[in-house]
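In: Whatever this is, show me its structure:
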Amino acid sequence: MFRLLSRTLGRGLLRAAGRRCRGCSARLFQRSSESQELEVLVPSPRVAPHGRGPGLLPLLAALSWFSRPAAADRDEQQGAGGAAPEDAADEAEAEIIRLLKRAKLSIMKDEPEEAELILHDALRLAYQSDNKKAITYTYDLMANLAFIRGQLENAEQLFKATMSYLLGGGMKQEDNAIIEISLKLASIYAAQNRQEFALAGYEFCISTLEEKIEREKGLAEDAMSEEEKANTHLLLGMCLDSCARYLLFSKQPSQAQRMYEKALQISEEIQGERHPQTIVLMSDLATTLDAQGHFDEAYVYMERASELARQINHPELHMVLSNLAAILIHRDQNTYHMAKGNYGYREVNRLHTPFQPTEFKLPRIPVRVNTEAISIHRIFPG
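Out: Now for the predicted structure:
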């Protein structure tokens with residue numbers, strides 16, 4: 001029976017990730033000749049790329065429904081390096097900001113090679129000017145760029161470097177920014193089939209957030225805004241969703257079911273039943289129930305998900321309807337075999353009308369890859 005690993009291992013994993021290695025900047029980066037094209041990561045969002053574990057795109061989709069941390073908002077308002085707005089005219093800092101804006105634009109335009117070159121220039125300037133926040137921010141952008149390009153080893157080292165600078169700057173381990181990076185590291189380990197590290201990472205993220213939410217329950221509005229509390233809940237939902245997907249991939253559907261149920265409850269409470277992510281979670285939970293043979297219960301969730309997806313013209317309506325068709329086929333086959341055992345083969349064959357999946361007219365909706373799902377902690381304005 002599956003059991004999450006001890007939290008001490010998760011803490012140890014985080015401490016190891018937070019260690020800064022000397023000279024890492026000279027070893028971390030691979031040039032574009034070794035990179036994959038973005039199209040490698042564009043199959044159906046809930047399908048794992050071959051040979052890469054449970055896939056990265058679902059996590060990137062999940063990241064898009066989590067607001068940026070409040071701490072990042074405060075840093076952005078203060079400006080780079082915490083300086084007053086009038087001090088932002090410093091030539092080196094202004095050049096770094098310009099380069100980072102260019103890099104973000106290149107990422108949004110699906111020009112990863114150009115973005116990587118620009119980020120290298122920004123990192124060089126940040127080191128030359130000894131701007132710690134600029135170094136951290138640039139590492140974070142480079143890590144996310146490597147992440148969406150499928151350069152997992154490179155992304156791992158860059159995320160660790162980012163975490164090292166954040167922790168070295170006084171950020172707490174329970175900060176949402178640290179949890180988000182830990183979640184990405186866990187997803188990388190899952191894609192690499194490094195099960196022990198993946199489960200330890202998921203355990204750390206989930207248990208830390210659950211304890212944090214419990215402590216924040218009694219805080220007044222002036223101590224912590226409702227938006228900040230909601231962001232923490234949504235981040236927990238994202239962690240549960242990612243962990244559930246890995247458990248389902250690892251053929252542990254009953255454990256995945258519990259994770260999906262919690263994630264769905266959070267999404268419904270914070271974002272509402274009609275939110276696109278709520279509908280996707282509802283569909284995923286139904287698929288998990290279907291994998292366990294709970295066809296009737298799976299149908300209830302999937303039928304509701306398809307109804308809501310039609311109402312809001314969900315971009316993944318085709319996926320929801322396809323899953324609904326599969327559940328109906330499984331339920332119909334199960335009923336057929338049960339009746340066959342009870343009433344005899346000939347009588348059931350005479351009465352049985354096979355389910356025809358062509359009754360569903362699946363719309364041809366292209367898969368949308370939301371590049372804004374790249375999670376970055378904005379320290380610089382813009």
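In: how far away is Lys109 from Glu95?
Out: 21 Å (C-beta to C-beta, to the nearest Å). Where you see a C-beta, it was placed from the backbone N, CA and C, and this is true even at glycine.
In: Tell me, how many residues neighbour the residue lying closest to Ala263 once chain neighbours are set aside?
Out: In this structure, Ala263 finds its nearest non-sequential neighbour in Leu240, 3.9 Å apart by C-beta to C-beta, 6 or more residues apart in numbering. Neighbourhood size, Leu240 [other C-beta atoms under 10 Å]: 28.
In: Likewise for the one 5 residues further on?
Out: Counted with other C-beta under 10 Å, residues neighbouring Arg245 total 25.
In: can you check the one 10 residues further on too?
Out: Using other C-beta under 10 Å, Gln255 has 19 neighbouring residues.
In: hang on, the earlier thing: check whether the residue nearest to Ala263 really touches Ser267, as I assumed.
Out: No: using C-beta atoms under 8 Å, Leu240 is not in contact with Ser267; the gap is 9.7 Å.
In: what helix or strand does the residue nearest to Ala263 sit in?
Out: helix 226-249 (DSSP states H and E).
In: Quick check: buried residues in that helix?
Out: In terms of neighbour count (16 or more other C-beta atoms under 10 Å), helix 226-249 has its buried residues at 228-249.
In: same check, this time on stretch 106-119
Out: Applying 16+ other C-beta under 10 Å to stretch 106-119 flags 106-107, 112, 114-116, 118-119 as buried.
In: now, which of these sits nearest Leu281?
Out: Closest approach to Leu281 among the buried residues of stretch 106-119 (C-beta to C-beta): Ile107, at 26.9 Å.
In: Test for you: state the pLDDT assigned to that closest one.
Out: pLDDT, Ile107: 92.
In: what ranges do the helices span in the stretch 251-382 of the chain?
Out: Secondary structure of the stretch 251-382 of the chain (DSSP state H, counting those that start in this stretch): helices at 253-271, 276-291, 295-312, 317-343, 345-351.
In: Using JSON lines, lay out those together with mean pLDDT.
Out: Listed next are these as JSON lines, based on pLDDT from 0 to 100:
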{"stretch": "helix 253-271", "mean pLDDT": "96"}
{"stretch": "helix 276-291", "mean pLDDT": "95"}
{"stretch": "helix 295-312", "mean pLDDT": "94"}
{"stretch": "helix 317-343", "mean pLDDT": "74"}
{"stretch": "helix 345-351", "mean pLDDT": "43"}
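In: Which one of those lies nearest to Tyr139?
Out: helix 276-291 (27.9 Å).
In: got any ranges where the stretch 51-200 of the chain has weak pLDDT?
Out: 51-89 (pLDDT under 70).
In: hang on, the earlier thing: just checking, what packs against the helix holding Leu240?
Out: Helix 226-249 is packed against helix 57-63, helix 70-78, helix 176-191, helix 195-216, helix 253-271, helix 276-291, with contacts defined by 3 or more C-beta pairs under 8 Å, 6 or more residues apart in numbering; DSSP states H and E.
In: Just the residues contacting stretch 288-303, thanks.
Out: Defining contact as C-beta atoms under 8 Å, 6 or more residues apart in numbering, one finds that stretch 288-303 is touched by 244, 248, 253-254, 256-257, 260, 282-283, 285-287, 320, 323-324, 326-328, 330-331, 334.
In: Of the helices of the stretch 251-382 of the chain, which stretch is the most buried?
Out: Comparing the helices of the stretch 251-382 of the chain by mean neighbour count (mean count of other C-beta atoms under 10 Å), helix 276-291 comes out on top with a mean of 24.
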